[in-house]
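> this is a predicted model, with the sequence first.
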Amino acid sequence: MEKRLYFHELECCKNADKEIRGQMKQTDYIDLSLLPSGAMQEEMSRYFQYRGTLVSLNTLRRDKCYYNAFCRAMKSHKSLPDSLLEWEENKWVMLIKGYLLQNGKPLTIQKQSAYGTTHTLDAKPIIFVKNLIRFLQPPDERPEREKDIWQLDRLGIEIEQNPIYRTVTLNFTGIRQPEIREEVKKAIFQHLKSENLGTVKREMTSIRQFSKYLEEQNRRLDSCRDIDRTLLEDYLIHKATDGSSGRSSGDNIMKLRSVLESVGKLYGWPHLEKLFINTDIPQEVQPEFKAFSDEELKRLNAHITKLDEQTARCMVIHQMLGTRISDTLTLQRDCLSLVDGTDMIKIRQVKTRVYEKPVSAELAALIRKAILYSEERYGDGVYIFVDERDKSRPLQYSTVKHRVLGLIQKADLRNDKGASLRFATHMFRRTYGAKLTELHLDDWTIAKLLGHKGVHAVMHYRKMNNLILAEETRKARQAQTRILFANLDGWGEEYEQIRQND
C-alpha cells in the first residue's frame, strides 16, 4: 500500500478555506512507513481518513505530531504485535506513557473550562492513542438496547428533545451494578417513548448517583428487587447531608422514584412502587431572582459586539425579545410579518406554545439582516441561527455559551459587586421583564409580551424592582406630607407635635 497519506487527499482539506488550501504543500503527509507492520499502516490510514471527516486541517496537523510520538514509542519496544488490535487499550496507553516519562514530558495537562474551573486531563498523545484504539474496535453487532451506550437514532423510536441541545447517545456505564444496569435500561427505553430527552437524562443522573452511593458504601445489590425502605432512607440521609446544593435535590429524588417505580412495574416488584412517601421529596430551595443592572449590560454588550457578527446579532436579538434562549435560537426565517403597518414576530416556544407580539422597526431590521446572512451563507433552511456542523439544526446553546463565556473570561468582565460576570441567558429575560414593570404596564400585558399563559410569574418581575417602587413611594409620601403641613397651618398648638416628630 501507499506509505504516505497526503493531507490534500483528506476531507478536511477539501472543506478548508482557499487560503489554507493554497498553503498546502506536497510534503504535508502522514508517513505510514514509521509503523512496523503493514496491518498497522492500514489501520492508521483508516483512522486518519475517518478523523479527517470530523476535524479541521489544523487539528489534523497536531494529530500528526502525536502520531510521530506514538511511532517513536513503538520503536523503543522490542516485541510488538502485527496489529494494533492485538493488544488491549491499556497496554498501548502504558507504552505511550512510558515514552513520555522517559522524555520528561507530562502525562496530564490542566485545562480551564468555559466556566473558569480547571480540570486535569490526559496529555494529548495519550488521548490520541485511546481514540485510535477505540476507533479500530470491531463494531458491536448486538441490538442497540443490549449495549451499554445507546445511539439514539438506532433505537427505532421517535425521541422528543430540545433542538438547541444535541444529544446522540445515552451512556449506562455509570451504573456500576450489572443487573441493575440492565433493569434500568428497560425502564429508560419506556420513558424515551413518552418523555422529553432532557427529563430522561436527569433520570439517568439520579440513578447513576444512587449506583455510585451503593458502590462507595459497599452495599452489594444484585437487583433493584433488593432495594428496601431502610436502604432508601439511608440514601436520603446521605443526600441531605453530603454538602451538595439543595436546589435540585427534590427533582433528583423524584427522578429516582420515577425510574424505580417503572422498574417495579416492568418486573412485577410492587414494593418498588410503594417505596417512596411524599415527605421523601425535599422542598426546593427557591433561587434568588436576579437580573442584570444597566451598567452590567453596558459592559457586557460593549464586548458582545466583538464576537462574530451573527453571534452578536443573536445575543442582541435575545435581549430585545426577552425570550428564553431556546426560543431565540429556534426562531424561523418566516417569523416576521407586517400587520396594519406594525412589525410582528411569531415565537414558537419550545416548552409551551406559539404566540405573536409586536417588535420595533429597529429590531425587525436586525432580524431581517440575520435572516439574509444565513440565506447567503447556508442557503435554504428553517432557522435564522444555524449550526455550522449540521445546517438543518439551529445554533446549539453550548456553542453560544462557550463563545460568550470565553469573551467574559478574556476581558475579565465583572458585575457591580466585583465578582466575575455570569453568563446566565435567562437573566436577560428577567431583565426584560423587570424593565416592563418599570413602564407601569399591567400584568396581562407583561405576561403577553413574555409569552406566559397567565399572570402568576409577573409578581417575580415586580419584586425585582422593589427599590424603584420604594423610591416612588417615598416621593409620593413626601408630596402627601407637604399637603398635610399646608393644611395644618393655623390649627392649634397640639398639632405642632406632628411637625416635630417628622
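Thanks, I have it.

> contacts and neighbour counts: CA atoms only from here.
Will do.

> for stretch 366-376, buried residues please.
For stretch 366-376, burial by neighbour count (16 or more other C-alpha atoms under 10 Å) applies to 367, 368, 370, 371, 373, 374, 375.

> wait, stretch 193-203
Across stretch 193-203, burial judged by 16+ other C-alpha under 10 Å covers 197, 200, 201, 202, 203.

> and the buried residues of stretch 366-376 as TSV, adding secondary structure?
Listed next are those as TSV, based on DSSP: H, G, I helix; E, B strand; the rest coil:
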residue	secondary structure
367	helix
368	helix
370	helix
371	helix
373	helix
374	helix
375	helix
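
> which of those lies closest to residue 103?
Ranked by distance to residue 103 (C-alpha to C-alpha), the buried residues of stretch 366-376 are led by residue 374 at 49.2 Å.

> what's the spacing between residue 459 and residue 397?
28 Å (C-alpha to C-alpha, to the nearest Å).

> which of those two has more residues huddled nearby?
Neighbours were counted for residue 459 and for residue 397 using other C-alpha atoms under 10 Å; residue 397 has more, 17 against 12.

> poorly predicted segments of the stretch 351-500 of the chain, please.
464-500 (pLDDT under 70).

> the helices in it, which residues?
Taking DSSP state H, counting those that start in this stretch as the test, the helices found in the stretch 351-500 of the chain are 361-378, 397-411, 425-438, 443-450, 458-464, 466-488, 496-501.

> before we move on, what about the stretch 1-150 of the chain?
Going by DSSP H, counting those that start in this stretch, the stretch 1-150 of the chain shows helices at 11-14, 18-22, 38-51, 57-75, 89-102, 124-136.

> before we move on, what about the stretch 201-350 of the chain?
229-241, 249-267, 294-304, 309-321, 325-329.

> what's the average pLDDT for the first one?
Rounded to a whole number, the mean pLDDT of helix 229-241 is 92.

> got the angle for that helix vs helix 249-267?
160 degrees (axes from the mean of the first three to the mean of the last three C-alpha atoms, to 10 degrees).

> check which residues of helix 229-241 are buried.
By 16+ other C-alpha under 10 Å, the buried positions in helix 229-241 come out as 235, 236, 239.

> still on that earlier bit, from the helices of the stretch 1-150 of the chain, which stretch is densest packed?
helix 11-14 (a mean of 19; mean count of other C-alpha atoms under 10 Å).

> got the CA positions of it in CSV?
Provided in CSV are the C-alpha atoms of helix 11-14 (Å, rounded to 0.1, in the frame of the first residue of the first chain):
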residue,chain,number,x,y,z
GLU,A,11,-11.9,15.5,3.6
CYS,A,12,-10.9,18.3,6.0
CYS,A,13,-8.5,19.7,3.3
LYS,A,14,-11.3,19.7,0.7
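
> and that helix, what does it pack against?
Using 3 or more C-alpha pairs under 8 Å, 6 or more residues apart in numbering; DSSP states H and E as the contact definition, helix 11-14 packs against no other helix or strand.

> what residues does that helix touch?
7, 8, 21, 49, 52, 53, 54, 55, 56, 57 (C-alpha atoms under 8 Å, 6 or more residues apart in numbering).

> so of these, which ones are in strands?
The strands, defined by DSSP state E, take in nothing from these.

> lowest-confidence entry in the residues you listed?
For the contacts of helix 11-14, the pLDDT minimum is residue 21, 61.

> burial check on residue 447, number of neighbours?
19.

> distance check, it against residue 342.
Distance from residue 447 to residue 342, by C-alpha to C-alpha: 20 Å.

> okay, which residue is most central for this protein?
For the chain, residue 398 is the residue whose C-alpha lies nearest the centre (C-alpha atoms, centre = their mean; 4.9 Å).

> pull the contacting residues for that residue.
residue 165.

> related to what we said a few turns ago, mean pLDDT for the helices of the stretch 1-150 of the chain: which is lowest?
Mean pLDDT is lowest for helix 18-22 out of the helices of the stretch 1-150 of the chain, coming in at a mean of 63.

> how's the protein carved up into domains?
4-136, 144-280, 294-464, 469-501 (automatic domain parsing).

> quick check: end-to-end length of the second one?
With C-alpha to C-alpha as the measure, the first residue of domain 144-280 is 35 Å from its last.

> ok, the residue nearest to residue 224 when sequence neighbours are not counted - contacts?
Once flanking residues are discounted, residue 224 sits nearest to residue 180: 5.8 Å by C-alpha to C-alpha, 6 or more residues apart in numbering. By C-alpha under 8 Å, 6+ apart, residue 180 lies in contact with 222, 223, 224.

> quick one: the last one from residue 369, how far?
The reference is to residue 224. From residue 224 to residue 369 the distance is 56 Å (C-alpha to C-alpha).

> re earlier: highest mean neighbour count out of the helices of the stretch 201-350 of the chain?
Neighbour counts (mean count of other C-alpha under 10 Å) averaged over each of these peak at helix 325-329, with a mean of 23.

> and that helix, what other elements does it pack with?
helix 309-321, helix 397-411.

> can those go into a markdown table with extra columns for distance to residue 163?
Formatted as a markdown table, the helices and strands packed on helix 325-329 follow (distance: least, C-alpha to C-alpha, whole Å):
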| stretch | distance to residue 163 |
| --- | --- |
| helix 309-321 | 16 |
| helix 397-411 | 9 |
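
> of the ones you listed, which is nearest residue 255?
helix 397-411 (24.2 Å).

> dump the C-alpha coordinates for the closest one into CSV.
Output in CSV follows, covering the C-alpha atoms of helix 397-411 (Å, rounded to 0.1, in the frame of the first residue of the first chain):
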residue,chain,number,x,y,z
TYR,A,397,-26.7,26.5,23.1
SER,A,398,-23.3,25.1,24.0
THR,A,399,-21.7,27.0,21.1
VAL,A,400,-23.2,30.3,22.2
LYS,A,401,-22.3,29.7,25.8
HIS,A,402,-18.7,28.9,25.2
ARG,A,403,-18.2,31.9,22.9
VAL,A,404,-19.7,34.4,25.4
LEU,A,405,-18.1,32.8,28.4
GLY,A,406,-14.7,32.8,26.7
LEU,A,407,-15.2,36.5,25.9
ILE,A,408,-16.1,37.3,29.6
GLN,A,409,-13.0,35.5,30.8
LYS,A,410,-10.7,37.1,28.3
ALA,A,411,-12.0,40.6,29.0
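
> compare the contacts of residue 180 and tell me which is most surrounded.
residue 224 (19 neighbours).

> residue 118 contacts residue 112, correct?
Yes. Contact criterion C-alpha atoms under 8 Å: residue 118 and residue 112 qualify, at 4.3 Å.

> just to revisit the earlier point, and the buried residues of stretch 193-203, which is closest to residue 69?
residue 201 (38.6 Å).

> gap between the two ends of stretch 221-237?
19 Å.

> oops, could you answer that again for stretch 153-162 instead?
Distance between the two ends of stretch 153-162: 15 Å, counting by C-alpha to C-alpha.

> same thing with stretch 141-157?
Stretch 141-157 end-to-end distance (C-alpha to C-alpha) = 19 Å.

> who touches that stretch?
Outside stretch 141-157, the residues within contact range by C-alpha under 8 Å, 6+ apart are 159, 168, 169, 170, 171, 172, 173, 185, 193.
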